[in-house]
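Engineer: below is the sequence, then the predicted model.
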Amino acid sequence: MNDPLLDLTGKVACVTGASSGLGQRAAIALAAAGAKVVGVARRQNALRDWAKAIGPSAAPVAADLASRDQIYDIAEQIAYPFGAPDIVVHAAGINTRETADDVTSEGWDITMNLNLAVPFFLTQAFIPAMKAKGWGRVVNFASLQTSRAFPGGIAYGASKAGIGQLTRAMAEAWSKYGINANAIGPGFFPTELTGPVFSDPERAARNAAQTCIGRNGELSDMDGPLLFLCSDASAYVTGQVLMVDGGYTAK
């Protein structure tokens, strides 16, 4: 890493949802920038493959973050390989895609818990160590649905709108201790979560045409914004939602 502002050497990062998609891309990018990275997800084999590809600066923690009563135990597991994380990236999420008329209480609760409650409570577990160091970075994952309504997205959209306010509230609470909290709002990227979108070429083309740039996202498009928000480059940036969407929300 040539730019000292983006150099994460000596930092420890935790990335949830690291077994695939944007979470795994985030874990790869942070390790490439010099951080020691703990990847968290349910799928043990996929995590093990990721960690093996990265090498000794990566450690997998297979855990179900949806188990609220296990959060502090999981936090201890995360801190075990390299120490308490300086950087926490919350990429794990779920979209049940239930229409408004068909939303179930079970689907609602699962969505709110994993998408909104987990980022708060897992971060809260690491705040004392960040305060002691006087430095920390929290990056939540927002969405196009943080500010837009999509069909079949009422629970997911509500949770991601909540992420916008959660990010601002985290910033208000903790930035005075050197802990900056921001969110990334991805546009349409090819991941497991957006599989139904990209499986329909016509729909994918319509989404690409809706952007200012004229294409959907590629995983590498996330690297720069993520490293900015996880590093000293964003020292005076907190409480913000950075949309990485090719200008989708600008039109």
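Structural biologist: All right, it came through fine. Please read these numbers as outputs of a predicted model, since none were measured by experiment. Numbers count the residues shown, from 1 in each chain.

Engineer: who does Arg137 bridge with?
Structural biologist: Per DSSP bridges, the residues bridged to Arg137 are Ile87, Asn180.

Engineer: how close does it get to Ile94?
Structural biologist: 24 Å (CB to CB, to the nearest Å). In this view, the C-beta of every residue, glycine as well, is placed from N, C-alpha and C.

Engineer: now swap in Gln44 and tell me
Structural biologist: Distance from Gln44 to Ile94, by CB to CB: 19 Å.

Engineer: so if I had to pick from the two, which one is more boxed in?
Structural biologist: Set Gln44 next to Ile94 and count neighbours by other CB atoms under 10 Å: Ile94 wins out with 18 against 13.

Engineer: show me what contacts that one?
Structural biologist: By CB atoms under 8 Å, 6 or more residues apart in numbering, the residues touching Ile94 are Ile110, Thr111, Leu114, Asn115, Tyr156.

Engineer: now those: which count as buried?
Structural biologist: Buried by 16 or more other CB atoms under 10 Å: Thr111, Leu114, Asn115, Tyr156, out of the contacts of Ile94.

Engineer: and those, which two are furthest apart?
Structural biologist: Leu114 and Tyr156 (10.4 Å; CB to CB).

Engineer: what pLDDT does Tyr236 get?
Structural biologist: pLDDT recorded at Tyr236 is 98.

Engineer: so how far is Ala59 from it?
Structural biologist: In terms of CB to CB, Tyr236 sits 31 Å off from Ala59.

Engineer: returning to that earlier point: and the buried ones among the contacts of Ile94, which is closest to Ala183?
Structural biologist: Asn115 (11.9 Å).

Engineer: where does that closest one land in three-state SS?
Structural biologist: Recorded secondary structure, Asn115: helix (DSSP: H, G, I helix; E, B strand; the rest coil).

Engineer: make 184 the starting number, not 1.
Structural biologist: Renumbered: residue one is now 184, and that last one reads Asn298.

Engineer: list the contacts of it.
Structural biologist: Asn298 touches Gly276, Ile277, Tyr339, Ser342, Lys343, Gly345, Ile346, counting by CB under 8 Å, 6+ apart.

Engineer: now intersect these with the helices, please.
Structural biologist: Those of the contacts of Asn298 mapping onto helices are Tyr339, Ser342, Lys343, Gly345, Ile346, per DSSP state H.

Engineer: so how do I select the buried members of those residues in ChimeraX?
Structural biologist: In ChimeraX, this line selects whichever of those come out buried by 16+ other CB under 10 Å:
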select :339,342,343,345,346
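
Engineer: from the ones in helices among the contacts of Asn298, which is closest to Asp428?
Structural biologist: Of those, the one sitting nearest to Asp428 (CB to CB) turns out to be Lys343, at 12.9 Å.

Engineer: surely that closest one is in contact with Arg331?
Structural biologist: No - contact criterion CB atoms under 8 Å: Lys343 and Arg331 do not qualify, at 9.6 Å.

Engineer: list the residues that contact both of these two?
Structural biologist: Shared contacts of Lys343 and Arg331, defined by CB under 8 Å, 6+ apart, are absent.
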